[in-house]
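*Asks:* I need the structure of the sequence given here:
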Amino acid sequence: MKINKKYSTLLLATFMTLAMDFTMTLTMTLIMTGLAPGFLQRFIVGFLIGFIVGLPTSLIVLPSARKLVTRLTTE
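*Replies:* Down below sits the predicted model:
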C-alpha cells in the first residue's frame, strides 16, 4: 500500500517523533528510576506524553528546519 506524497511531511514527522520519543523516554526513565517495579507503566505514560507534545512540535519546526538546511547546504 502506497500513501499519497502530500502526506510525506506528516509521515516524516510522525516517524521521527516516534523514534526520538521512544529513545529519550526509555533513556530518561532508566536514568531516573532504573528497572524498578512500575518501570513499564512509567515508560508508557512518559512515551504518550512525549508523543502528544513532540508530534505537533515536529510539524511546526519541520518546515523551518528544511528551509534552514536548504540555505546552509549546496549541491
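*Asks:* average pLDDT across the longest helix along the chain?
*Replies:* If you go by DSSP state H, the chain has its longest helix at helix 39-72. Averaging pLDDT along helix 39-72 yields 95.
*Asks:* element containing Met20?
*Replies:* Take DSSP states H and E as the rule and Met20 turns out to sit in helix 8-33.
*Asks:* Ok, Ile3 next?
*Replies:* Residue-wise, Ile3 maps onto no helix or strand under DSSP H and E.
*Asks:* you'd agree it is up against Leu11?
*Replies:* Yes: Ile3 lies in contact with Leu11 (Cβ atoms under 8 Å); the separation is 6.6 Å. C-beta coordinates here come from the backbone N, C-alpha and C atoms, glycine included.
*Asks:* List the contacts of Ala13.
*Replies:* By Cβ atoms under 8 Å, 6 or more residues apart in numbering, the contact list for Ala13 reads 55, 58-59, 62.
*Asks:* one more time with 10 Å
*Replies:* For Ala13, the contact set (Cβ atoms under 10 Å, 6 or more residues apart in numbering) comprises 54-62.
*Asks:* ok, of those, which come out buried?
*Replies:* The neighbour-count test (16 or more other Cβ atoms under 10 Å) applied to those identifies 54-55, 58 as buried.
*Asks:* For the residue of the chain most remote from its centre, give its distance to Lys67.
*Replies:* Farthest-out residue of the chain from its mean C-alpha position, per Cα atoms, centre = their mean: Glu75, at 28.4 Å. Relative to Lys67, Glu75 is positioned 16 Å away (Cβ to Cβ, to the nearest Å).
*Asks:* contacting residues around the residue nearest to Met20 when sequence neighbours are not counted?
*Replies:* Nearest non-adjacent residue to Met20, counting by Cβ to Cβ, 6 or more residues apart in numbering: Gly54, 6.8 Å away. Gly54 makes contact with 13-14, 16-18, 20-21, 24-25, 47 under the criterion Cβ under 10 Å, 6+ apart.
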